[in-house]
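K.L.:
Got a predicted structure here, sequence first:
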Amino acid sequence: MMHPIYISATSIISPQQNFEYEDFLQDIKSSDDGTLFIIDPNYRDYINPVAIRRMSKMLKMGISTGMNCLQQAGITTPDAIITGTGRGSMVDMEQFLMDMIKLEEEALTPTAFIQSTYNSVNGWLALNTKCKGYNQTYVHRGTSFELALLDAQLLLNESNSYKNILVGCYDEITPDYIKVKSKIGYWKNPVPDSTLDLFKHNDTNGTIAGEGAAFFTITNNKEQTLCSINTIKMLQDANIDDVNNSINEALTANGMTLADVDVLLCGMNGDARQQPMYNAIIENTESNTSIAAFKHLCGEYDTSSGFATWIASNIFKHQSIPEILLQKKGEHSSVKNILLVNSYILNSTSIILYRSIS
Amino acid sequence: MEDLKRTLKEQIIESLNLEGMSPDDIEDTAPLFGEGLGLDSIDSLELMVLLERNYGIKIEDAREGRKVLESVQSMAEYIKEHRTV
């Protein structure tokens, strides 16, 4: 079994708050059109003004969240940079493809193409931090962030030469992406009056769209860290039994049962096709376990597990669960163990076990 | 010529996304690269595409391209002489 890894610092840009604010999910934002867009920080604090004018939203949020995370950890140069993105820069990709059609494949501008490549964020971060170490971008839709985390765990378990690894994720939405995905039933129709009402509509198909970036400095030294990540599991096209079995495997491997879980963090997205899985997991929990959900705050996107990991880290840090997350308050006195179960749309499910350092 | 230079400045600002700049901020003879506007090699590719898209001008020779892209003045003069659209 692999050793746990530890989160020493976090940074976020989300539809709720970004790293410029210190409170933890207190000033809650919502929308009435079924989409949740990020709150932009001042990107110029982290990105050269000459370079910033070419960058899409995703590049700006990825780079500035990564740089802010390193700043919070007091790290100038990480030993490795590993990220995950489900779709990369949609804005640049759409612009490039639209130009190809409009200009009949002639006179295409280079910038959109250059910046649309999936590893642009990692490249910029490596240049900014002078990091010549391991650099990897995972693009695996709903398990992209989980694979980045798992890669960090493998590196830290295999070699002592890695001390601090920058791990992150980022995804953006565009009006065209929302339009195209609506044709295959991704989104609720009609949309809820407020995104905060998402779970009141979990008897109909579809969800709400979201985006965001989250970064973490990961280390193998537990001193002065927020929490550990003990187990990361990913499943494809799993049924309810598969998910329950994997949860039990993850807990058993750590000498735990479901009764030891203080917070079950669910990636329920209001879609009636997914809800039975979450209901089945929740039914197995004890009265001590709090049930929390987060996609009414960030929307559904490929790397929303990054937002969930930021939430888990902050629950440990603050030792409190913001009311807006709670579906059911458990009888636990403190928070020692958080289990994330997160499904992306209808095909991939991930299970991550976080534990307190104490 | 004055109209062409103004249009060209507007096109440069738009294609290079020079936020907060207006055509009046760009001097006709100021160098586009280095000390002037401070543009870089990716911008030079964008400007070549701008010439092709808007004026039907394709510059194949890099040395010629460097001369053409010295300033708005040199670009406008080249456009006036070689434009096909």
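P.N.:
Ah, there it is.
K.L.:
Buried residues in stretch A:5-25, which are they?
P.N.:
A:5-19, A:24-25 (16 or more other C-beta atoms under 10 Å in any protein chain shown). No exception for glycine: its C-beta is placed from N, CA and C like everyone else's.
K.L.:
Chain A contacts on chain B?
P.N.:
B:15-19, B:38, B:40, B:42, B:45-46, B:49, B:52-53 (C-beta under 8 Å from any C-beta of the partner chain).
K.L.:
same thing but 6 Å
P.N.:
Counting by C-beta under 6 Å from any C-beta of the partner chain, chain B comes close to chain A at B:17, B:19, B:45-46, B:49, B:52-53.
K.L.:
Please indicate which of these are buried?
P.N.:
Of the residues of chain B next to chain A, these count as buried by 16+ other C-beta under 10 Å: B:46, B:49, B:52-53.
K.L.:
Next, check these against the helices and list the overlap.
P.N.:
Counting by DSSP state H, those place B:46, B:49, B:52-53 in helices.
K.L.:
Tell me who's in contact with residue A:307.
P.N.:
Residues near residue A:307 by C-beta atoms under 6 Å, 6 or more residues apart in numbering or on different chains: A:14, A:212, A:214, A:298.
K.L.:
What about the second one, how many residues nearby?
P.N.:
Spelled out, that is residue A:212. Residue A:212 has 30 neighbouring residues, counting by other C-beta atoms under 10 Å in any protein chain shown.
K.L.:
Does it touch residue A:17 like I think?
P.N.:
No: assessed by C-beta atoms under 6 Å, residue A:212 is found out of contact with residue A:17, at 10.4 Å.
K.L.:
domain assignment for chain A?
P.N.:
Domain segmentation of chain A under automatic domain parsing yields A:5-219, A:227-355.
K.L.:
Those into TSV, with extra columns for mean pLDDT?
P.N.:
Output for the domains of chain A, formatted as TSV (pLDDT from 0 to 100):
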stretch	mean pLDDT
domain A:5-219	95
domain A:227-355	97
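K.L.:
which stretches of chain B have low pLDDT?
P.N.:
Low-confidence segments of chain B, defined by pLDDT under 70, are absent.
K.L.:
What residues sit buried inside the helix or strand where residue A:152 lies?
P.N.:
Following DSSP states H and E, one finds residue A:152 within helix A:144-158. By neighbour count with 16+ other C-beta under 10 Å, helix A:144-158 contains the buried residues A:144-153, A:155-156.
K.L.:
closest to residue A:122 among those residues?
P.N.:
Of all the buried residues of helix A:144-158, residue A:148 has the smallest distance to residue A:122: 10.1 Å, by C-beta to C-beta.
K.L.:
Quick check: closest non-adjacent residue to the closest one.
P.N.:
residue A:84 (4.0 Å; C-beta to C-beta, 6 or more residues apart in numbering or on different chains).
K.L.:
Can you spell out which residues form a bridge with that neighbour?
P.N.:
Residue A:84 forms beta bridges with residue A:138, residue A:169, as assigned by DSSP bridges.
K.L.:
Tell me how far residue A:210 lies from residue A:295.
P.N.:
According to C-beta to C-beta, to the nearest Å, residue A:210 and residue A:295 sit 7 Å apart.
K.L.:
Repeat that for residue A:274.
P.N.:
From residue A:274 across to residue A:295, the span is 10 Å (C-beta to C-beta).
K.L.:
could you dump the domains of chain A to TSV with distance to residue B:28?
P.N.:
Supplementary listing: the domains of chain A in TSV, determined by distance: least, C-beta to C-beta, whole Å:
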stretch	distance to residue B:28
domain A:5-219	22
domain A:227-355	47
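K.L.:
For residue B:24, which of the ones you listed is the nearest?
P.N.:
Of all the domains of chain A, domain A:5-219 sits nearest to residue B:24, with 18.8 Å by C-beta to C-beta.
K.L.:
what's the offset of the closest one from the middle of its chain?
P.N.:
Here domain A:5-219 is found 8 Å from its chain centre; the criterion is C-alpha atoms, centre = their mean, to the nearest Å.
K.L.:
And stretch A:309-323, by the same measure?
P.N.:
Taking mean C-alpha positions (C-alpha atoms, centre = their mean), stretch A:309-323 and its chain are 15 Å apart.
K.L.:
same question, stretch A:226-242
P.N.:
Averaging C-alpha positions (C-alpha atoms, centre = their mean) puts stretch A:226-242 14 Å from its chain's average.
K.L.:
gap between the two ends of stretch A:181-197?
P.N.:
Separation of the first and last residues of stretch A:181-197 by C-alpha to C-alpha, to the nearest Å is 21 Å.
K.L.:
contact partners of it?
P.N.:
Contact with stretch A:181-197 is made by A:30-32, A:34, A:36, A:198, A:201, A:206, A:208, A:296, as judged by C-beta under 6 Å, 6+ apart.
K.L.:
Switch these over to TSV; also include distance to residue A:270.
P.N.:
As requested, these are exported to TSV (distance: C-beta to C-beta, whole Å):
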residue	distance to residue A:270
A:30	13
A:31	14
A:32	15
A:34	10
A:36	13
A:198	4
A:201	5
A:206	8
A:208	7
A:296	7
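K.L.:
mind giving me CSV with the residues you listed and columns for distance to chain B?
P.N.:
Shown next, in CSV, are the contacts of stretch A:181-197 (distance: C-beta to the nearest C-beta, whole Å):
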residue, distance to chain B
A:30, 30
A:31, 26
A:32, 30
A:34, 30
A:36, 26
A:198, 36
A:201, 40
A:206, 35
A:208, 30
A:296, 34
